[in-house]
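Novice: Just a sequence and a predicted model for now, questions to come.
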Number of protein chains: 4
Amino acid sequence: MLSDPSAALSVVFDKDGVLEQIGDGKGYIDMSTVDAATSSKISEAVKLKGGAFVEAPVSGSKKPAEDGQLVILAAGDKKLYDEMVPAFDVLGKKSFFLGEIGNGAKMKLVVNMIMGSMMNSLSEGLCLADKSGLSPQTLLDVLDLGAIANPMFKLKGPAMLQGSYSPAFPLKHQQKDMRLALALGDENAVSMPVSAAANEAFKKARSLGLGDLDFSAVYEVVKGAGGSGQA
Amino acid sequence: MLSDPSAALSVVFDKDGVLEQIGDGKGYIDMSTVDAATSSKISEAVKLKGGAFVEAPVSGSKKPAEDGQLVILAAGDKKLYDEMVPAFDVLGKKSFFLGEIGNGAKMKLVVNMIMGSMMNSLSEGLCLADKSGLSPQTLLDVLDLGAIANPMFKLKGPAMLQGSYSPAFPLKHQQKDMRLALALGDENAVSMPVSAAANEAFKKARSLGLGDLDFSAVYEVVKGAGGSGQA
Amino acid sequence: MLSDPSAALSVVFDKDGVLEQIGDGKGYIDMSTVDAATSSKISEAVKLKGGAFVEAPVSGSKKPAEDGQLVILAAGDKKLYDEMVPAFDVLGKKSFFLGEIGNGAKMKLVVNMIMGSMMNSLSEGLCLADKSGLSPQTLLDVLDLGAIANPMFKLKGPAMLQGSYSPAFPLKHQQKDMRLALALGDENAVSMPVSAAANEAFKKARSLGLGDLDFSAVYEVVKGAGGSGQA
Amino acid sequence: MLSDPSAALSVVFDKDGVLEQIGDGKGYIDMSTVDAATSSKISEAVKLKGGAFVEAPVSGSKKPAEDGQLVILAAGDKKLYDEMVPAFDVLGKKSFFLGEIGNGAKMKLVVNMIMGSMMNSLSEGLCLADKSGLSPQTLLDVLDLGAIANPMFKLKGPAMLQGSYSPAFPLKHQQKDMRLALALGDENAVSMPVSAAANEAFKKARSLGLGDLDFSAVYEVVKGAGGSGQA
């Protein structure tokens, strides 16, 4: 579970790297979150040597990792994946096999796109409540008891009302993921007007200098303020 | 908890109605979901007679009602509300006092607006997954394990994938609520581009004859089909 | 061509008003821009007395009026309209008969909706040019020589670049017309996502206090400024 | 004025190509519409040999070319451009010098983005008129007499009403230009919600198989039809 594509490549291709030992009957699993090109490059090199490869990026951050509650989005060699399920079951609460190399990253984009639109929906709702004479905090309380209650609203909502945007997931990364998800939609001729509107709001936030705050800082854009939030 | 505004008015204003007995030291609570004008008319008449009035529409449908799990959105006379809390605690899992008459209906609009945008986000995500070579069912499974897991996605998602839109909440009513929420935003100069985009998708669904299906039938619009869903 | 609905009603219904003299073989034409309800009320009263009525609001402001270059949007009694065409041909460069009472006002809404979206398109283009290292003034020059050249871009564009928004048509009225056009679309189940996005930008402008400036001040919203424009 | 990037490169780099003769005191002008990378590659090679280079894509199609009415969007070596103005004045009605290499292509993207949003605005207006009991043809006539009259509406409008979409500019190319313009906005943090909404409509048109028709076929999407237009 390495930090970035160059680290992932180095561990495989550099001296004393994975490629020197991999071969028939051996497998390599990389749990880093990297782009499809990096993943494919590693996959091809490993397979050329006779080995098997699985990419297995995870969904979830520090706390779920400590608690063994990660969600594992695996793709690549199905046989190797099957052998690894018992290990994945220790590392995470659930693992998925998603098919061909690159599908793990795609699945994360789709999930993050939905998450980004939902964050905009919440922001618009909080702002509408506030301007209409309702308490935004009460809106959060009502939401938390109903059919659309979810951990993100519960966690981020109160911080947003305080203008506190400590970056668990920086807005510029969220916007990048929405851009990539929309690009994936473009490739496949999928029209997604709600996600597109949400993406433009995140871009507005970037233009106001909020890119390094948490992605929930899009609330500042909806409120119409010019970047008064704190990291 | 009456069916509509005319029933709510009849029970108050007709012969042998509430107004004939209401007076000093007495209170009247109407738990129907009615428009602000109806609620105000009842409130004024009751107060003129010296009585106290609370509107208390509920969030939640049949099953939560049977289980005592409704959420009660009360507004009007605070003293009467306070006296009624023990009763509300039996009827529902939680009650809120939202201030002046009309605020109960407004809160429902805000909640339903967020819900409508989220339904569009889910639809776009399912469609993007499908067209990108990912399993929409697996997307639902992944969503259900993460930070944006919510009962609506869990309940509606699988039915949407089957094209089954039995109307728990008809699409035309959802769209009407989004229109009213956007109108409320217009009055208060709140710009809500994501909700506006979602509203246009629901309108497209209406134009395709899907208005009487469940509001999750907006998925058909995102998929680009022309109304192939079943009620 | 009276200033508002109350003036239009007064001239008809008050003492010594139109109704006292109207009758068989006589016609009344009102060239004011009023709402459909006002127009209908006048129409019905005139017809009850045996007279004929035509509403004939105009498109175009002071200069076209002086030059006889107005566009006349007539509706109501077709026979009376036909008799009046020679007179309309003096007052305006062109008159249209649009059918039933109320259609004149509807036609103005549709035209203004397109105009509002186009103003947003121009604003986004100017902003994109500016941020991408192109001269916005050169963009205006290029536009003026091509297939989308139009008088509005030519007139408003240079003023927008100077941040000068002297209100020929106040933004709040433009936004009201877009709201009404979208409401007309809602009645008839017409999904209009581009107009809806433009409407939200105008609402954002209102929320920033730009409602009394010219509707071209929506450019300030696209630029991301908080109301720095001048009237 | 060559057909595509590979032709543009071939004329420069192949045997007997431009590079063999270019040198101090000589200049090369390419009037093809190519991407920035192609243009830069040619520019660098020419300058390395001591020559000067100007890219000069044009705006306008066959008829303007025959009539000498093209608009020339030049960029690169200013001195060479200045020397060429007399020649450009014969070829086109107007030439612009836009600065550094690549700016010609960017200017075309911005213009086409505005054009694409306007085509959506027109489509929404025509559809709203139709569904509201107004004649779409009369709307075109009214538009043509007012402040937003433009050659594109005049040319394309009547054909759209007939469902005739003979591809002067294919929809898939229009959508590609909008995607690239939005990507340019993304790079520079420019939020463009109206263009984004228009882009999603063009994507919907592609998903319905309308990509090879004229870009005005987006009207079919607004109408809600599933691709009934003819090329």
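Specialist: Sure thing, it's come through. Numbering: from 1, shown residues only, chains lettered A, B, ... in the order given.
Novice: what separates A:Lys156 from C:Met178, distance-wise?
Specialist: Using C-beta to C-beta, to the nearest Å, we find A:Lys156 at a distance of 32 Å from C:Met178. The C-beta positions use only the backbone N, C-alpha and C, and glycine is treated the same way.
Novice: Export the least confident helix or strand in chain A by mean pLDDT to CSV, keeping only CA atoms.
Specialist: The least trusted helix or strand in chain A, going by mean pLDDT, DSSP states H and E, turns out to be helix A:62-66, with a mean of 79. In CSV, the C-alpha atoms belonging to helix A:62-66 read as follows (Å, rounded to 0.1, in the frame of the first residue of the first chain):
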residue,chain,number,x,y,z
LYS,A,62,-6.9,5.8,8.7
LYS,A,63,-9.5,4.8,11.3
PRO,A,64,-11.1,2.0,9.1
ALA,A,65,-7.6,0.7,8.4
GLU,A,66,-6.8,0.5,12.1
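Novice: who does the following helix or strand past that helix touch, helix- and strand-wise?
Specialist: On the C-terminal side of helix A:62-66, the closest following helix or strand by DSSP states H and E is strand A:70-76. Other helices and strands packing on strand A:70-76, by 3 or more C-beta pairs under 8 Å, 6 or more residues apart in numbering or on different chains; DSSP states H and E, are strand A:52-55, strand A:58-59, helix A:78-91, strand A:92-97, helix A:103-131.
Novice: how far out from the middle of the chain is the longest one?
Specialist: A distance of 12 Å separates the centroid of the chain from that of helix A:103-131, by C-alpha atoms, centre = their mean, to the nearest Å.
Novice: And the third one, by the same measure?
Specialist: With C-alpha atoms, centre = their mean as the basis, the distance from the averaged C-alpha position of helix A:78-91 to the chain average is 22 Å.
Novice: Is chain B within reach of stretch A:149-157?
Specialist: Yes: for stretch A:149-157, a contact with chain B is found by C-beta under 8 Å from any C-beta of the partner chain, at A:Ala149, A:Asn150, A:Pro151, A:Met152, A:Leu155.
Novice: same thing with stretch A:128-145?
Specialist: Yes: between stretch A:128-145 and chain B, judged by C-beta under 8 Å from any C-beta, the touching residues are A:128-129, A:131-135, A:138-139, A:141-143, A:145.
Novice: Which pair in the residues you listed has the greatest spatial separation?
Specialist: Maximum pairwise distance in these, criterion C-beta to C-beta, is 23.0 Å, between A:Lys131 and A:Leu145.
Novice: which residues touch the strand or helix carrying A:Leu140?
Specialist: Taking DSSP H and E as the criterion, A:Leu140 maps to helix A:136-143. Contacts to helix A:136-143, defined as C-beta atoms under 8 Å, 6 or more residues apart in numbering or on different chains, come from residues A:125-126, A:129-130, A:149, A:153-154, A:157-158, A:161, B:59, B:71, B:73, B:94, B:96, B:98, B:107, B:110-111, B:114.
Novice: Quick one: mean pLDDT over it.
Specialist: What helix A:136-143 shows for mean pLDDT is 97.
Novice: And the helix or strand following it, what does it pack against?
Specialist: Using DSSP H and E, the helix or strand that directly follows helix A:136-143 along the chain is helix A:151-161. When contacts are defined as 3+ C-beta pairs under 8 Å, 6+ apart, helix A:151-161 sits against helix A:103-131, helix A:136-143.
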